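Fold the following and give me the result.
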Amino acid sequence: MRYLIAIAFLASYLVILVGNLLIIALVLSDRNLYRPMYFFLCNLSSSEIFFTTSIIPKTVGSLLRGSKAISYSACLTQCYFFSLFGDTEFVLLAVMSYDRYVAICYPLQYPMLMNSRLCVQLLLGSWTAGFLATIAPTVLVARLPFCSDNRIDHFFCDSVLLIKLSCAETQTVELVSFVTFSIILLGSLVMTAMSYLYIINTILRLPSGSSRNKAFSTCSSHFTFVIMVYGSCIFLYVQPSSHHISYNKMVALLITMVGPLMSPFIFSLRNQQMKEALQVGLKRSVIISRIRFSF
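Predicted coordinates:
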């Protein structure tokens, strides 16, 4: 079975890689997509690529080799980058919801409010928040002593499970990890929820039905992805550590593979401008290939 699982993981990873790289290429190549919404989407796709790369290639290699061993330094590195890109993604989702809030609630002031300087500041703030939320728990986990048991009941190194393996007092580390992650997760969730409450209130007051449908379609893809990501993470992490039992691997699979796998389809196939940019890109590629073939 491990070969079949490895093939499934590898195929999913390739789809994630190609799908997110395609989004990045479309945003960079089409001037019609030079907008804050697609600027943040491009960075979200980059975060998804790094996030899954920190987990899936190692898992596939372990399945193919039949060896589940991972060095201590590699395990800590995996913990760090998994948390870094995951936390950054939460903040990026909140920033994207704020962008939609400004676009729908203040459409006339949108170009002035969401200028390029503010977009860069929001992006840097997202990565800084992810770094600050990750560095302290990782350093504390790295300083823990591990005596005998070295078996992690998971398919990747999770700091929560590493803490449980330590033979020292871990209350401080658990508290810091829980508080920092909760601030990032719940803080970004509150910001996202507030943005969408204002968005829904504004949409419902629009006089035209077509305007309401257009506004809802603009935000529906982002809202779908937000519900899936936040729901999975709240179930998995924002709970007492005693509840982290083996069935949570399935929820972790939603976060590490299913979510990133669905992300390119949610943000591209349900977005009219992305579909138009894709069609233009495909036509351009066909024309270029025919010109080369004729020569």
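
Only C-alpha atoms from now on, for both contacts and neighbour counts.
OK.

Pull out the buried residues from the helix or strand hosting L118.
Using DSSP states H and E, L118 maps to helix 116-142. Buried residues in helix 116-142, counting neighbours by 16 or more other Cα atoms under 10 Å, are found at 119, 122-123, 125-127, 129-131, 133-134, 137-138, 140-142.

M114 touches Y101, doesn't it?
No. Between M114 and Y101 there is no contact under Cα atoms under 8 Å: 10.9 Å.

Same drill for these two, tell me which one is more crowded.
Y101 (23 against 19; other Cα atoms under 10 Å).

List the residues that contact that one.
Residues near Y101 by Cα atoms under 8 Å, 6 or more residues apart in numbering: S195, Y196, Y198, I199.

Kindly give the local confidence score, pLDDT, for it.
What the model reports for Y101 is a pLDDT of 88.

how far out from the middle of the chain is the helix or strand harbouring it?
Using DSSP H and E, Y101 sits in helix 72-105. Once both centres are worked out by Cα atoms, centre = their mean, to the nearest Å, helix 72-105 turns out to sit 6 Å from its chain's centre.

Tell me which residues touch L123, please.
If you count contacts by Cα under 8 Å, 6+ apart, then L123 has F40, L92 around it.

Tell me where this protein has helices.
Listed in chain order, the helices of the chain (DSSP state H) span residues 2-29, 36-53, 56-65, 72-105, 110-113, 116-142, 159-165, 171-204, 209-237, 248-253, 259-269, 272-294.

right, and V176 touches P137 too?
Yes. Counting by Cα under 8 Å, P137 is a contact partner of V176 at 6.3 Å.

Let me know the pLDDT of the residue nearest the centre of the chain.
Closest residue to the average C-alpha location of the chain: E89 at 4.3 Å, with Cα atoms, centre = their mean. Here, the pLDDT recorded for E89 equals 89.

now for the helices of the chain, which one comes closest to D149?
helix 159-165 (6.4 Å; Cα to Cα).

Give me the contacts around that closest one.
79, 138, 141, 144, 146, 149-150, 152-153, 170, 173-174, 241.

Please state the mean pLDDT value computed over it.
On average, helix 159-165 scores 83.

if we can go back for a sec, against Q109, how distant is the residue nearest to the centre of the chain?
27 Å (Cα to Cα, to the nearest Å).

what does L165 give?
53 Å.

Those two: who's more crowded?
L165 (19 against 11).

what number of residues lie near N201?
11.

close enough to count as contact, L189 and M96?
No. Checked against Cα under 8 Å, the pair L189 and M96 is beyond contact range at 11.9 Å.

are any of the contacts of helix 159-165 buried, and which?
Using 16+ other Cα under 10 Å, the buried ones in those are C79, T138, V141, L144, V173, E174.

got CSV for those, with pLDDT too?
Shown next, in CSV, are the buried ones among the contacts of helix 159-165 (pLDDT from 0 to 100):
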residue, pLDDT
C79, 89
T138, 89
V141, 88
L144, 87
V173, 87
E174, 85
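
and which of these is nearest to I5?
The nearest member of the buried ones among the contacts of helix 159-165 to I5, counting by Cα to Cα, is C79 at 22.4 Å.

isn't that closest one right up against C157?
Yes. Applying Cα under 8 Å, one finds C79 in contact with C157, separated by 5.7 Å.

Give me the helix or strand of this structure that scores worst on average pLDDT.
The helix or strand of the chain with the lowest confidence, counting by mean pLDDT, DSSP states H and E, is helix 272-294 at a mean of 58.

ok, back up a step: just how off-centre is the helix holding L118 within its chain?
For helix 116-142, the distance to the chain centre is 14 Å (Cα atoms, centre = their mean).

and if you look at stretch 158-165?
Taking Cα atoms, centre = their mean, one finds the center of stretch 158-165 at 22 Å from the center of the full chain.

Make 434 the starting number, not 1.
Yep, numbering from 434; the last one is stretch 591-598 now.

export it as PDB, just CAs?
What follows is stretch 591-598, C-alpha atoms only, in PDB (Å, rounded to 0.1, in the frame of the first residue of the first chain):
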ATOM      1  CA  ASP A 591       4.700  18.500  14.400                       C
ATOM      2  CA  SER A 592       5.900  20.600  17.300                       C
ATOM      3  CA  VAL A 593       2.900  19.500  19.400                       C
ATOM      4  CA  LEU A 594       3.900  15.800  19.100                       C
ATOM      5  CA  LEU A 595       7.600  16.700  19.700                       C
ATOM      6  CA  ILE A 596       6.700  18.400  22.900                       C
ATOM      7  CA  LYS A 597       4.900  15.200  24.100                       C
ATOM      8  CA  LEU A 598       8.100  13.200  23.500                       C
END
